[in-house]
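**Q** structure for the following, please:
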Amino acid sequence: MEMVASLPAPSTVEEVFRDYLGRHRGLVRALTAEVDDLYALCHPERENLCLYGHPDGSWEVNVPPEEVPPEMPEPTLGINFARNGPKRWDWLSRVAMHSDSWLLSVAFFFAARFSGDERCMINDLPTIFEAFCSHQLTKKNTRVDRGSKPKRSSKRLKTVNNGSDEDANEIGATSCGSCGTKHRSNFWIQCDVCERWFHGKCVKMTRAKAEKTKGYSLK
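**A** Prediction:
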């Protein structure tokens with residue numbers, strides 16, 4: 001991908017949020033809908049690479065600019081060198097977490113002069129990591145719907161019925177990793193890897209589906 005031409009730095013609350021939203025959209029695309037492209041571009045034999053999200057919603061993998069100091073905070077350097085070490089899921093989840101860190105650092109770099117109340121809009125969006133985990137759950141559920149036989153996995157998911165006080169206390173005041181809301185639901189599901197809770201309907205999972213899927217534990 002070619003480097004997107006630099007735009008004037010956002011200066012108002014609305015401009016900073018639009019910048020954040022566009023970069024967020026691009027990074028989510030890279031780690032969900034276009035994840036195979038991302039994986040192929042991050043070959044360990046290439047130079048030190050960074051994952052960039054751009055304000056127009058695009059993304060790219062590229063080497064960082066050479067100017068010192070940089071125009072704004074730079075993403076984590078050399079993400080491609082760790083690609084062939086851990087399992088693909090684990091590597092991608094780490095890239096997602098580093099992307100969240102970079103995205104927030106860019107937003108706060110532009111919003112350094114704003115008050116706390118003016119910086120709160122980004123809390124309404126799921127993190128890149130949450131979006132990645134939600135996408136992985138949805139993909140797994142889609143394979144079950146199509147009649148495939150899922151492989152046994154150590155990444156178990158546990159579910160809980162929020163109908164009892166005991167179950168409600170276990171979930172507590174957590175928010176759904178997909179939609180970001182905290183409203184009560186008849187069915188919650190938790191990923192043992194990222195330890196995030198999700199509304200069953202948000203990841204297209206039912207209790208009956210979970211019961212027949214290996215790698216899930218019911219509660």
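**Q** domain map for the protein?
**A** 13-140, 176-218 (the TED database).
**Q** let me have these in JSON lines, extended by mean pLDDT.
**A** Formatted as JSON lines, these follow (pLDDT from 0 to 100):
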{"stretch": "domain 13-140", "mean pLDDT": "89"}
{"stretch": "domain 176-218", "mean pLDDT": "68"}
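**Q** so can I have JSON lines of those showing mean neighbour count?
**A** Every C-beta, even on glycine, is put in place using the N, C-alpha and C of the backbone. Output for these, formatted as JSON lines (neighbours: other CB atoms under 10 Å):
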{"stretch": "domain 13-140", "mean neighbour count": "17"}
{"stretch": "domain 176-218", "mean neighbour count": "17"}
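**Q** show me what the helix or strand encompassing residue 102 is packed against.
**A** Per DSSP states H and E: residue 102 is located in helix 88-110. Applying 3 or more CB pairs under 8 Å, 6 or more residues apart in numbering; DSSP states H and E, we find helix 88-110 packed against helix 13-31, helix 35-41, strand 50-53, helix 128-145.
**Q** quick one: closest of the ones you listed to residue 190.
**A** helix 128-145 (10.3 Å; CB to CB).
**Q** so how far is residue 28 from residue 100?
**A** Distance of residue 100 to residue 28, given as CB to CB, to the nearest Å: 11 Å.
**Q** ok, residue 79 next?
**A** Counting by CB to CB, the gap from residue 79 to residue 28 is 16 Å.
**Q** residue 203 contacts residue 137, correct?
**A** Yes - using CB atoms under 8 Å, residue 203 is in contact with residue 137, at 4.2 Å.
**Q** anything in contact with each of these two?
**A** 178, 189 (CB atoms under 8 Å, 6 or more residues apart in numbering).
**Q** contacting residues around the closest residue to residue 105 other than its chain neighbours?
**A** Spatial nearest neighbour of residue 105, excluding adjacent residues (CB to CB, 6 or more residues apart in numbering): residue 73 at 4.2 Å. Residues in contact with residue 73 (CB under 8 Å, 6+ apart) are 102, 105, 106, 109.
**Q** need phi/psi at the spatially closest residue to the third one that is not a sequence neighbour.
**A** The one in question is residue 106. Using CB to CB, 6+ apart and skipping the chain neighbours, the partner closest in space to residue 106 is residue 73 (5.5 Å). Main-chain dihedrals, residue 73, degrees, to the nearest 10: phi -50, psi 140.
**Q** next, work out how far apart residue 178 and residue 52 are.
**A** In this structure, residue 178 and residue 52 are 25 Å apart, going by CB to CB.
**Q** what's the answer for residue 132, then?
**A** Per CB to CB, residue 132 is found 17 Å from residue 52.
**Q** over to residue 135?
**A** Taken as CB to CB, the span from residue 135 to residue 52 is 20 Å.
**Q** now residue 39
**A** 16 Å.
**Q** mind checking pLDDT for residue 148?
**A** At residue 148, the model reports a pLDDT of 51.
**Q** for the nearest residue to residue 77 once chain neighbours are set aside, which three-state class applies?
**A** The spatially closest residue to residue 77, leaving aside those adjacent along the chain, is residue 48, at 5.0 Å (CB to CB, 6+ apart). Following DSSP: H, G, I helix; E, B strand; the rest coil, the label given to residue 48 is coil.
**Q** kindly report the same for residue 9.
**A** Going by three-state DSSP: residue 9 is coil.
**Q** what about it, distance to residue 15?
**A** Taking CB to CB as the measure, residue 9 falls 9 Å from residue 15.
**Q** alright, calling it a day.
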